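[1] 3D model of this:
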Amino acid sequence: MRRFPLLLVLPLLLLVGCAFQEPTTDASAVDLGNAVAESQPEDFIDGMRPLSADEALDTSKELEDYLLAAYGLERSDWIDAAVAYSEGFQANELAVIQLSDQADIQSAEQGLSAYVERRKAEFTGYAPEEAAMLDDALLLRQGHWLLLAVCPDPPAAKAAFEARFQGDVQSVSQSVTVEMDDSPPPLELPRYDTGPVVEAYRTGDTSSLSEQDAAILDACKQVLDQTITDDMSPAEQELAIHDWMIDHTAYDESQALPNRNHPYGLLIEGQVVCMGYANTFQLFMDLLDIPCVTVTSTTHAWNLVQLDGEWYGVDVTWDDPLGSFVDVPATDEPEHHRYFNVTSDFLRQTGHEWDDPTVPEADGTRWTWEVLHPSSHH
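    Numbers count the residues shown, from 1 in each chain. Purely as a prediction, here's the structure:
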């Protein structure tokens, strides 16, 4: 029997109680999760990480942390829960949650919806099939039970979930579409002030640096010593830093690490989200005196660099999809350079959006990855 590896998801269908008798079930969250998982293709649960409230599985604290970080659910909001999520370059997720009487059901549903929108932003551009599955993500409610499923067969998941509840489900519920705002909630995208670290690097005086910035400077020096040589052009230096970041960083899929937006998260802890990539790339370019700006939208962040007077777009995050190629050298791999030194038109075509009129237009074509790395041509 295939076991359910629990995780998160997004709603596109929703069941709202109408009135007579609240649907009930004798099943646990794990039981319901297993039923839904068994309705999916055989390989659906492969590689998924399961979390549940079962103390014997020693994952209850991880589950509690995950429900809070991903969905915004406090421990007092739920009674039982089971989650399974893909840790690799896949969007597959399942979550079954029994809400407590004091929980705000509408807020819980909104938290799950917001999570899915954030996940879609991560996959859009470099994983269209996974992004499409998130578009079809399912959220169902029966009484105080919620199902979230990002899966290949949402109708089968819906049928498997509803079958475990007593009573005439259709007589007490109706199916409705969850209306999603076209503009997802803005992510937290704080910019890192590179000034103190750059000044200390140039003067050698580190006395005014915080302990965290001092650690960042030491790490930057090590990276520059390893990757940069005196005979490199600015474009070659940029490429070396880009590739080093990809080879040494994993995407923080939980989006819960405290330094996920910060160079410390990338350089010391090895995990960040898009703003962490962009802030760290900005720092390295500032240390190398390569003109660079950081661009942000409501859901994403990337950079522009100036080489020989022309601007180029660089998205290190999307060149390192969910960190799935960590520790695999990026030097000879075209898939890691799709967003290296590209034009603004290319960025627009691949889902990057920005409305800041001060952002330079990237139209440079001289220093692309193919030009800098001719050995990659086959």
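[2] after the helix ranked longest in the chain comes which helix or strand?
    Under DSSP state H, the helix in the chain containing the largest number of residues is helix 105-123. Sequence-wise, the next helix or strand beyond helix 105-123 is helix 128-135, with elements assigned using DSSP states H and E.
[3] which strands or helices does the helix or strand that comes right after that next one pack on?
    Secondary structure here is assigned by DSSP H and E; on that basis, the next helix or strand after helix 128-135 toward the C-terminus is strand 138-142. The elements that strand 138-142 packs onto, with contact taken as 3 or more C-beta pairs under 8 Å, 6 or more residues apart in numbering; DSSP states H and E, are strand 13-17, helix 105-123, strand 145-150, helix 154-162. In short, each C-beta sits where N, CA and C put it, glycine included.
[4] in its sheet, what does the third one sit against?
    To tie it back to what came earlier, the one meant is strand 145-150. Applying DSSP bridges, strand 145-150 is found paired with strand 93-99 (antiparallel), strand 138-142 (antiparallel).
[5] so which of the ones you listed is nearest residue 372?
    In terms of C-beta to C-beta, the element of the strands paired with strand 145-150 nearest to residue 372 is strand 93-99, at 37.9 Å.
[6] quick one, that closest one and helix 154-162 angle?
    Angular relation of strand 93-99 and helix 154-162 on a 0 to 180 degree scale: 30 degrees, by axes from the mean of the first three to the mean of the last three C-alpha atoms, to 10 degrees.
[7] same question for strand 93-99: list its buried residues.
    Neighbour counts using 16 or more other C-beta atoms under 10 Å place 93-99 of strand 93-99 among the buried residues.
[8] picking up where we left off before, dump the C-alpha coordinates for the longest helix of the chain into PDB.
    Output for helix 105-123, consisting of C-alpha atoms alone and laid out as PDB, is shown next (Å, rounded to 0.1, in the frame of the first residue of the first chain):
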ATOM      1  CA  ILE A 105     -11.900  29.200   8.300                       C
ATOM      2  CA  GLN A 106     -11.900  32.000   5.800                       C
ATOM      3  CA  SER A 107      -8.500  33.200   7.000                       C
ATOM      4  CA  ALA A 108      -7.100  29.600   6.800                       C
ATOM      5  CA  GLU A 109      -8.300  29.300   3.200                       C
ATOM      6  CA  GLN A 110      -6.800  32.600   2.300                       C
ATOM      7  CA  GLY A 111      -3.500  31.600   3.900                       C
ATOM      8  CA  LEU A 112      -3.400  28.500   1.700                       C
ATOM      9  CA  SER A 113      -4.300  30.500  -1.400                       C
ATOM     10  CA  ALA A 114      -1.500  33.000  -0.700                       C
ATOM     11  CA  TYR A 115       1.000  30.200  -0.300                       C
ATOM     12  CA  VAL A 116       0.100  28.700  -3.700                       C
ATOM     13  CA  GLU A 117       0.500  32.000  -5.400                       C
ATOM     14  CA  ARG A 118       4.000  32.300  -3.900                       C
ATOM     15  CA  ARG A 119       4.800  28.900  -5.100                       C
ATOM     16  CA  LYS A 120       3.500  29.700  -8.600                       C
ATOM     17  CA  ALA A 121       5.900  32.700  -8.700                       C
ATOM     18  CA  GLU A 122       8.800  30.400  -7.900                       C
ATOM     19  CA  PHE A 123       8.100  28.000 -10.800                       C
END
